[in-house]
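In: I would like the atomic coordinates for the input below:
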Amino acid sequence: MTSGDARQEDWPHDHHVHAAPAARFRVRPGRAMQGVLTGFTVIAAIIGVGYVIGRLKYLGENGREVLTKLAFYVATPALLFTTLARTDLSVILSSRLLVTAISTAVVAGVFVAVGALRRWGVGRTTIGALCSGYVNAGNLGIPIAVYVLGDASLVAPVLLLQQIVITPIALTVLDLSGSGEKRTVWQRLTIPLRNPVAVGSLCGVMVSSVGWTVPELVLEPLVLIGNMSVPAVLLAFGISLHGSALPGRGPDRGPVLLSVALKSAGQPLLAWALASWVFGLSGAALLGVVITSALPAAQNLFTYASRYGVAERLARESILLSTMLSVPVLITVAALLG
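Out: Numbers count the residues shown, from 1 in each chain. Alright, predicted model coming up:
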């Protein structure tokens, strides 16, 4: 789930993400548990409010749908633009990012292979693959990076990888598989340019790459709108939990358990093996990579599933279970490697 970019799920709010000097990269093992608990407490509180809203029907029958659309079409694109426009793109050039990219690709590939063999469908398999490797780098990643690693900017490479590369690809696949209408070649090629989340990310990257400073009169309204993204996503998730069956049961049991196993155990173990055996990382660098990979599935994946009307239960249950399991996993990683 999401724990607030220190607040925002794959997206840090008004946090300015810049490359971190190596001297600042110091592990704070004594604060590991505090960081984990702080992140999860923030998320749980907002989701709890959403559950109460759903139970008491304060927002009516369509409250969750409205919040989801608000996040997908308005708040999240604004948040991604303001975040990436102020990000130093040089942070993506690191061995740590390669470890994260490879481990994400492998676990997602495993889910896709199983999904193809079991004929789970393109949309369902895409959501499951995202839940297997797309980490909650913003909402949980930022506070945990602050408390455990001592530097919030260390999650910036993962934020960029997920928003610049993974999200546009995944949403394009969902767009192409979401309807039976015929599309021209041009329509298929320009799908990413018509997706608000992808457009927000790409515009932010363009602004950052040319070194342009967005005027405050333009930036501040966008920041304010973007600040709605995380609360809207978490509240919508909480509303969806009301009346839901216990996770890990029903027709989605197989995909859910597979994605949770890959996210909670497969990805952090693979990241540790790659970082230590292939890239020769150790100490704080190794801890940072494994901590990042051990983060649970990102909350905004439920927004994507809801937006496209596919695998909503799979996304909801995968996020919920991986978030619950990530507490002991993160504490164990911090204790062993810190």
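In: shaky segments in the stretch 101-250 of the chain?
Out: 138-143, 145-154, 156, 178-192, 243-250 (pLDDT under 70).
In: helices of that one, start to end?
Out: 122-133, 141-144, 156-160, 167-177, 185-189, 196-210, 216-226, 229-241 (DSSP state H, counting those that start in this stretch).
In: the inter-axis angle of the helix or strand that the last one is followed by versus helix 122-133?
Out: Yep, that's helix 229-241 we're talking about. Moving toward the C-terminus from helix 229-241, the next helix or strand (DSSP states H and E) is helix 253-261. On the basis of axes from the mean of the first three to the mean of the last three CA atoms, to 10 degrees, helix 253-261 is oriented at 30 degrees to helix 122-133.
In: and the helices of the stretch 101-250 of the chain, which is most packed in?
Out: helix 141-144 (a mean of 30; mean count of other CB atoms under 10 Å). Every residue, glycine included, has its C-beta placed from N, CA and C.
In: still on that earlier bit, so which of the helices of the stretch 101-250 of the chain gets nearest S322?
Out: Closest approach to S322 among the helices of the stretch 101-250 of the chain is made by helix 122-133 (7.2 Å; CB to CB).
In: which other helices and strands does the closest one contact?
Out: helix 95-118, helix 167-177, helix 253-261, helix 300-308, helix 312-337 (3 or more CB pairs under 8 Å, 6 or more residues apart in numbering; DSSP states H and E).
In: out of the ones you listed, deepest packed?
Out: helix 300-308 (a mean of 26).
In: report all helices and strands that that helix contacts.
Out: Using 3+ CB pairs under 8 Å, 6+ apart: helix 300-308 touches helix 63-70, helix 122-133, helix 167-177, helix 229-241, helix 312-337.
In: hmm, who's touching it?
Out: 2, 9-11, 64-65, 68-69, 71-72, 76, 123, 127, 130-131, 134, 170-171, 174-175, 178, 197, 233, 236-237, 240, 311-312, 314-316, 318-319 (CB atoms under 8 Å, 6 or more residues apart in numbering).
In: go again using 6 Å as the cut-off
Out: Here helix 300-308 makes contact (CB atoms under 6 Å, 6 or more residues apart in numbering) with 9-10, 68, 71-72, 127, 130-131, 174, 178, 233, 237, 311-312, 315-316, 319.
In: okay, the helices and strands packed on helix 300-308 in JSON lines with distance to P157 next?
Out: Compiled in JSON lines, those are given as follows (distance: least, CB to CB, whole Å):
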{"stretch": "helix 63-70", "distance to P157": "28"}
{"stretch": "helix 122-133", "distance to P157": "15"}
{"stretch": "helix 167-177", "distance to P157": "15"}
{"stretch": "helix 229-241", "distance to P157": "20"}
{"stretch": "helix 312-337", "distance to P157": "18"}
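In: G288 is nearest to which of those?
Out: Going by CB to CB, the one of the helices and strands packed on helix 300-308 nearest G288 is helix 312-337, 9.3 Å.
In: quick one, the closest one and helix 253-261 angle?
Out: Using the same axes, to 10 degrees: helix 312-337 against helix 253-261 is 30 degrees.
In: what's the angle from helix 312-337 to helix 300-308?
Out: Interaxial angle of helix 312-337 relative to helix 300-308 (the same axes, to 10 degrees): 170 degrees.
In: list the helices and strands helix 312-337 packs on?
Out: helix 32-56, helix 122-133, helix 253-261, helix 283-293, helix 300-308 (3 or more CB pairs under 6 Å, 6 or more residues apart in numbering; DSSP states H and E).
In: which among those helices is found nearest to L202?
Out: Among those, if distance is taken as CB to CB, the winner is helix 300-308, at 16.8 Å.
In: what distance do you get for A298 to V260?
Out: 14 Å (CB to CB, to the nearest Å).
In: and if you look at S132?
Out: In terms of CB to CB, S132 sits 8 Å off from V260.
In: next, give phi and psi for A297.
Out: Reported as degrees, to the nearest 10, the phi and psi values for A297 are phi -60, psi 140.
In: list the contacts of it.
Out: Contacts of A297 (CB under 6 Å, 6+ apart): 131, 263, 318-319, 322.
In: which non-adjacent residue is nearest K69?
Out: In space, and not counting its chain neighbours, K69 is closest to R307: 7.4 Å by CB to CB, 6 or more residues apart in numbering.
In: please report how far that neighbour lies from I127.
Out: 11 Å.
In: and if you look at G266?
Out: Counting by CB to CB, the gap from G266 to I127 is 17 Å.
In: before we move on, what about S103?
Out: S103 is 19 Å from I127, by CB to CB.
In: quick revisit: redo the helices of the stretch 101-250 of the chain as JSON lines? Include distance to V256.
Out: Converted to JSON lines, these look like this (distance: least, CB to CB, whole Å):
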{"stretch": "helix 122-133", "distance to V256": "8"}
{"stretch": "helix 141-144", "distance to V256": "23"}
{"stretch": "helix 156-160", "distance to V256": "24"}
{"stretch": "helix 167-177", "distance to V256": "18"}
{"stretch": "helix 185-189", "distance to V256": "31"}
{"stretch": "helix 196-210", "distance to V256": "24"}
{"stretch": "helix 216-226", "distance to V256": "31"}
{"stretch": "helix 229-241", "distance to V256": "15"}
